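Student: Structure of the sequence below:
(chains A and B)
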Protein chains: 2
Amino acid sequence: MSGDRGPRVCVAGALEALRADPALALVLVGQPGVIEPELGALDDSLRSRVSIRPASEVVAMDEKPREAIRRKKDSSMRVALNLVAAGEARACVSAGNTGALMATAHFVLGMVEGIERPAIVAAIPAEGGHTYMLDLGANSAATPEQLFQFAIMGAVVAADLGARSRPRVGLLNIGSEDIKGHELVQAAHRMLQSSRLDYVGFVEGNDTFTGAVDVVVTDGFTGNVALKTMEGLAQMIAGALRSEFSANPLRRLSALGAAAALGGLRKRLDPRRYNGASMVGLAGVVIKSHGSADATAFAHAVRVAGLEARNGVPAHIGHELKSQAA
Amino acid sequence: MSGDRGPRVCVAGALEALRADPALALVLVGQPGVIEPELGALDDSLRSRVSIRPASEVVAMDEKPREAIRRKKDSSMRVALNLVAAGEARACVSAGNTGALMATAHFVLGMVEGIERPAIVAAIPAEGGHTYMLDLGANSAATPEQLFQFAIMGAVVAADLGARSRPRVGLLNIGSEDIKGHELVQAAHRMLQSSRLDYVGFVEGNDTFTGAVDVVVTDGFTGNVALKTMEGLAQMIAGALRSEFSANPLRRLSALGAAAALGGLRKRLDPRRYNGASMVGLAGVVIKSHGSADATAFAHAVRVAGLEARNGVPAHIGHELKSQAA
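Tutor: Below you'll find the predicted structure:
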């Protein structure tokens, strides 16, 4: 239980998810003295679905992944992942240090057989729904084989989180013609063309938002830049909207009249509805909640974890990988 | 004179720029029978600053660059670039096929001495001004040396287009710590750290919009994805705003009240104010106007061309490259 906002927000979010899902049970990992007081208001039936597992340490947000693995053997992150490895929990959700979570999860859980590298996948808002993009930064580069595996993993997550049973997969490039791009995307393109996936071919950055594909595949460098570019632009536009609607008293008055429409816009683009990135390729379900997530956002990450656990995403990935190779 | 909207829009945009800049003279290259009628309304003093140079062919928007060079020797694009090479024009502005324009310009003008690869740079809206980003897709990959040269070229363009005399340069990465990213950005980072540029270090995708840097350097693959991601997200948000403000009669009424604020937002983010990407590294000023640009947008691209020609951007780049090596 960590993250930029501290454990209380995570507990509140986890309880929000618990109330919404009668089949969910929680193991809250951290300092019991901090967690226990947050559970006081729960009625007995809810309380019976919550247990606490002590962990004395916390991985700092700026801690080096290798150091976290070596030294923080009783961190909440490590203890939670141990529970998944032991089969005592079916998923781990953390708002902590992304690099340390990925490295520790890799160390504790291992990989799905045949998958070379884990990847980070998350939903991006798009026309009529959302698009799943990966890799969002687990790796700083990718081979064609790895891009191919990302496509398989992205398709599994999209299907299991409800996009459609045969998700349409696109490979991010700087043009949609077959001849575009560097040799890595060219080689991955050929592999995907002869795969059993519903591969639509190359897509460009703007296609992420049109609903033309369900899964956008790229290397972790490009994906991370694209994701942070979206975050930066959305923040700038939100700031510009606020500033325009508060420029003078008349504008502030017009903002009152426009409250319904502006609220609708905010709701559509609310990043909390997209919180919860999956670390796929690991032999267990691990969901990263944004470090600055509030309780509602954290609850969404827990919901994603529940869906992935029930659908057995790691086993599903292993199955799809074998069936592609067959 | 071409582009998706045809030559008339380009002529109208060029004339808009002509009216705004008394020191500007235009050579309109294309079919005189199409251009001439558009000039009818000009008074004598304006008309005296406009000449027409015939070109019988047009490079199609989907034509292969190599074919354009080989076969379209009397295309408007080729003739215009020949004028720059001959010193009869000081800049070429085109709304045509980007790949063909870059390849033909490379062929006709050659490169600034010492520059390995041309790059595409454009202004991106940011808090309190804009940020210049390159490469936006002239190349599908870049070596550390090329990234270093992109940084020099970006700093020259930012300075000459008025950002500040010593632009702050950032290298795009997936984290700001020194250890992040793949070996190409690591090697470029070390080169930039020991350069004479005002190098601020690694930046992330969201830093493009905060005004923290004037120049964002990246390879053409990542830059193109980032640019198209911005375009796609901005379009989706604009669509969502329209849809929220037209959801019912009350919302439509509130849009009237909010017209001033919404208009202000539109103006801030108007892509026409950012039209005109520079193809830098070439031994001549070449500006690419967006294929779908209207007259106002095209006029902005002509203004960018004027600024770059007056500041002698290609010579300035050559000078900076030498001074960095010295």
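Student: For stretch A:186-206, what is the distance to the chain centroid?
Tutor: 23 Å (C-alpha atoms, centre = their mean, to the nearest Å).
Student: For it, output the C-alpha coordinates as CSV.
Tutor: This file holds the C-alpha atoms of stretch A:186-206, laid out as CSV (Å, rounded to 0.1, in the frame of the first residue of the first chain):
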residue,chain,number,x,y,z
GLN,A,186,8.7,-4.0,-41.3
ALA,A,187,9.7,-7.4,-40.0
ALA,A,188,7.0,-7.4,-37.3
HIS,A,189,4.5,-6.4,-40.0
ARG,A,190,5.3,-9.5,-42.0
MET,A,191,5.1,-11.7,-38.9
LEU,A,192,1.7,-10.3,-38.0
GLN,A,193,0.4,-10.6,-41.6
SER,A,194,0.9,-14.3,-41.5
SER,A,195,-0.5,-14.6,-37.9
ARG,A,196,-4.0,-15.7,-36.9
LEU,A,197,-4.7,-12.4,-35.3
ASP,A,198,-7.2,-9.9,-36.8
TYR,A,199,-4.3,-7.8,-38.0
VAL,A,200,-5.4,-4.6,-39.8
GLY,A,201,-1.8,-3.5,-40.7
PHE,A,202,0.1,-0.3,-40.0
VAL,A,203,-1.7,2.4,-38.1
GLU,A,204,-0.6,6.0,-37.3
GLY,A,205,-0.7,8.0,-34.1
ASN,A,206,-4.1,9.5,-34.7
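Student: In its sheet, which strands sit next to the helix or strand harbouring residue A:286, and in what direction?
Tutor: Using DSSP states H and E, residue A:286 maps to strand A:285-288. Strand A:285-288 pairs in its sheet with strand A:91-94 (parallel), strand A:277-280 (antiparallel), by DSSP bridges.
Student: how about those strands in TSV, adding mean pLDDT and distance to residue B:236?
Tutor: For every residue, glycine as well, the C-beta is placed using N, CA and C. Shown next, in TSV, are these (pLDDT from 0 to 100; distance: least, C-beta to C-beta, whole Å):
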stretch	mean pLDDT	distance to residue B:236
strand A:91-94	97	28
strand A:277-280	97	20
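Student: count of neighbours near residue A:44?
Tutor: Close neighbours of residue A:44, defined as other C-beta atoms under 10 Å in any protein chain shown, add up to 6.
Student: From the chain's centroid, how far away is the strand holding residue A:286?
Tutor: Taking C-alpha atoms, centre = their mean, one finds the center of strand A:285-288 at 7 Å from the center of the full chain.
Student: now the residue nearest to residue A:88 when sequence neighbours are not counted, what's its secondary structure?
Tutor: Counting by C-beta to C-beta, 6 or more residues apart in numbering or on different chains, residue A:88 lies nearest to residue A:27, which is 7.2 Å off, once chain neighbours are set aside. With DSSP: H, G, I helix; E, B strand; the rest coil as the basis, residue A:27 sits in strand.
Student: From residue A:76, how far off is residue A:27?
Tutor: Noted for residue A:27: a distance of 11 Å to residue A:76, by C-beta to C-beta, to the nearest Å.
Student: How about the stretch 1-150 of chain A: which residue is closest to chain B?
Tutor: residue A:140 (4.2 Å; C-beta to the nearest C-beta).
Student: so what's that residue up against?
Tutor: A:219-221, B:174, B:180-182 (C-beta atoms under 8 Å, 6 or more residues apart in numbering or on different chains).
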